[in-house]
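Asker: give the three-dimensional model of this entry:
(one chain, ligands or ions: 1)
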Amino acid sequence: MAGSNGKVVLAYSGGLDTSVCIRYLQTLHKLDVITVTVDCGQDDDFKEIEKKAKEIGAIKHVYVDAREEFARDYVVPSIKANGLYQGKYPLATALARPLIAAKAVRIAEKEGAAAIAHGCTGKGNDQIRFDVTMRALNPDLKIIAPVRDMNLTRDVEIKFAREQNIPVSAEAKKYSIDLNLWGRAIEGGNIEDADFEPPEEAFQFVNFSNDKAEYLELEFQGGVPISADAKQMPLVDLIQYVNDKAGSHGVGIVDHIEDRVVGIKSREVYEAPAAIAIIEAHKDLEKMVLTKHELAFKRMVDDQWSWLVYAGLWQDPLRADLDRFIDATQVRVSGKVRLKMQKGSLRVVGRESKYSLYKNDLATYAAGSSFDQSLAKGFVELWGLQSIIANSVASAAAGITDKNKKGGKK
Ligand code: ARG
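Answerer: Predicted structure coming up:
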């Protein structure tokens with residue numbers, strides 16, 4: 001009977017995978033299921049989710065409002081790191097997983113559960129993010145992943161759900177969605193054909209029929225956005241404000257081929273208007289206040305940071321080590337950036353900072369520049385020294401110089 005093997009805490013989203021997991025954990029593993037839904041800004045009907053969990057058979061449901069924590073401890077470091085996997089994906093799902101896993105572990109400990117469960121498949125990255133975080137935080141908890149363990153496919157899950165009277169949403173039949181404050185991932189269905197353009201109905205935030213151009217001003221302090229359009233707002237509100245505004249101009253769609261950790265190349269479609277706009281602005285401000293040496297080095301650090309987070313290694317000490325470097329660079333990343341958005345395009349059209357290294361009197365082509373051009377001649381000669389020597393050595397080795405000399409004598 002259910003419960004004879006004790007309790008399990010299941011990270012529960014209310015979606016197809018985790019809903020069928022409740023039933024599998026009860027019937028196959030004979031466990032009492034406690035569901036945990038962690039709110040990272042997915043804007044779901046959490047009362048409905050609780051109701052659904054209990055109807056399927058959970059003995060207890062826990063809701064955790066982690067929106068502020070998610071913004072402060074996960075999204076902010078990612079903004080500072082310009083977090084984009086393979087230069088494109090703003091890491092929304094990847095950032096939320098370690099937080100959801102940490103909450104589930106704490107609840108399992110509190111409830112005296114011996115096991116912890118998630119609904120990830122064995123083909124994706126999420127299993128890595130969940131497993132690694134769970135084991136790093138409490139290696140004594142047994143991890144159960146029914147979808148992975150039984151090699152389930154979505155079609156089999158939908159069939160099982162029907163047989164078991166587990167409700168399946170209309171959306172779940174079309175796509176697999178993962179949503180939080182930082183973005184929305186759309187997978188499966190017709191967009192698995194890499195050559196098929198995602199239909200407009202696949203998107204939730206992005207408006208395709210607004211031609212108007214509009215400006216968005218973002219103010220950063222120490223690398224963190226603190227106001228939008230001159231209004232100071234708590235981070236969660238600011239991200240939502242930017243998401244709505246940029247999305248209303250069609251900004252924020254990412255469609256690319258992504259390398260999963262397990263070796264699969266997948267076609268990924270995201271909409272993340274806030275992430276795309278904020279990172280674009282943040283990068284631009286960094287270019288104004290950091291030296292070219294800092295920028296070149298930080299680009300490598302940012303890439304490594306994004307890779308670690310994508311690959312489920314949030315718990316690796318290297319991530320925290322990189323955060324310390326990144327934090328040190330952010331002290332001067334304060335100022336304002338003005339973005340212009342229209343019909344899906346986004347560009348920075350202005351920026352200002354009290355830490356600006358851009359000096360107009362140096363850069364100007366107009367009269368009155370403080371830059372002494374006469375210094376440039378010698379600099380250029382030394383700058384190109386090795387390149388010039390290398391070319392003449394290569395020419396000599398090829399005998400070109402000799403031939404030219406003979407030709408010249410005639
Ligand atoms: N490819 C993205 C990632 O690895 C999105 C994953 C979406 N997850 C999901 N369960 N639908 O982060």
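
Asker: the residue nearest in space to the middle of the chain - nearest residue in space that isn't next to it in sequence?
Answerer: For the chain, the residue sitting closest to the mean C-alpha position, by Cα atoms, centre = their mean, is Leu91 at 1.5 Å. What sits nearest to Leu91 in space, not counting adjacent residues and going by Cβ to Cβ, 6 or more residues apart in numbering, is Gly83, at 4.8 Å. Where C-beta positions appear, they are placed from N, C-alpha and C, glycine not excepted.

Asker: likewise for Val251?
Answerer: Val251 sits nearest to Leu346 (Cβ to Cβ, 6+ apart), 4.7 Å away.

Asker: isn't that neighbour up against Ala277?
Answerer: Yes: contact criterion Cβ atoms under 8 Å: Leu346 and Ala277 qualify, at 6.1 Å.

Asker: neighbour count: these two, which is higher?
Answerer: Ala277 (28 against 19; other Cβ atoms under 10 Å).

Asker: how about the residues of the stretch 151-300 of the chain near the ligand?
Answerer: 176, 178, 185, 187, 258, 268 (Cβ under 6 Å from any ligand atom).

Asker: make JSON lines out of those and add secondary structure, neighbour count and pLDDT.
Answerer: As requested, those are exported to JSON lines (DSSP: H, G, I helix; E, B strand; the rest coil; neighbours: other Cβ atoms under 10 Å; pLDDT from 0 to 100):
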{"residue": "Ser176", "secondary structure": "strand", "neighbour count": "17", "pLDDT": "90"}
{"residue": "Asp178", "secondary structure": "strand", "neighbour count": "19", "pLDDT": "96"}
{"residue": "Ala185", "secondary structure": "strand", "neighbour count": "20", "pLDDT": "98"}
{"residue": "Glu187", "secondary structure": "strand", "neighbour count": "18", "pLDDT": "93"}
{"residue": "Glu258", "secondary structure": "strand", "neighbour count": "17", "pLDDT": "98"}
{"residue": "Glu268", "secondary structure": "strand", "neighbour count": "21", "pLDDT": "98"}
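
Asker: quick one: stretch 106-119 to chain centroid distance?
Answerer: Averaging C-alpha positions (Cα atoms, centre = their mean, to the nearest Å) puts stretch 106-119 27 Å from its chain's average.

Asker: span of it from start to end?
Answerer: With Cα to Cα, to the nearest Å applied, stretch 106-119 spans 18 Å between its terminal residues.

Asker: residues contacting the residue nearest to Val251?
Answerer: 246, 249, 251, 276-277, 280, 339-340 (Cβ atoms under 8 Å, 6 or more residues apart in numbering).

Asker: overlap in contacts, Leu346 and Ala277.
Answerer: In contact with both Leu346 and Ala277: 246, 251, 339, using Cβ under 8 Å, 6+ apart.

Asker: do a quick rundown of the helices in the stretch 151-300 of the chain.
Answerer: 154-163, 170-174, 235-248, 273-289, 292-310 (DSSP state H, counting those that start in this stretch).

Asker: so which of the ones you listed is nearest Ala320?
Answerer: helix 292-310 (10.1 Å; Cβ to Cβ).

Asker: now that closest one and helix 273-289, what's the angle there?
Answerer: Calculated by axes from the mean of the first three to the mean of the last three Cα atoms, to 10 degrees, helix 292-310 forms an angle of 150 degrees with helix 273-289.

Asker: tell me which residues in the helix or strand just after helix 292-310 are buried?
Answerer: Scanning forward in sequence from helix 292-310 by DSSP states H and E, the next helix or strand is helix 317-330. The neighbour-count check on helix 317-330 (16 or more other Cβ atoms under 10 Å) flags 319, 322, 326, 329-330 as buried.

Asker: again, but for stretch 160-171
Answerer: Here stretch 160-171 shows 160-161, 166, 168 as buried, counting by 16+ other Cβ under 10 Å.

Asker: JSON lines please, covering those residues and showing distance to Met150.
Answerer: Converted to JSON lines, those look like this (distance: Cβ to Cβ, whole Å):
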{"residue": "Phe160", "distance to Met150": "10"}
{"residue": "Ala161", "distance to Met150": "14"}
{"residue": "Ile166", "distance to Met150": "16"}
{"residue": "Val168", "distance to Met150": "18"}
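
Asker: can you count the residues close to Ile158?
Answerer: 16.

Asker: distance of it relative to the ligand?
Answerer: Distance check for Ile158 against the ligand: by Cβ to the nearest ligand atom, to the nearest Å, it reads 16 Å.

Asker: for that residue, give me its contacts.
Answerer: 16, 168, 172-173.

Asker: cutoff 6 Å now
Answerer: Val168 (Cβ atoms under 6 Å, 6 or more residues apart in numbering).

Asker: out of the residues of the stretch 151-300 of the chain next to the ligand, which one sits closest to Gly335?
Answerer: Closest to Gly335, out of all of these and judged by Cβ to Cβ, is Ala185, at 31.6 Å.

Asker: name the element Val38 belongs to?
Answerer: strand 32-39.

Asker: one more: Ala394?
Answerer: helix 385-397.

Asker: what does Leu25 give?
Answerer: Using DSSP H and E, the element containing Leu25 is helix 16-27.
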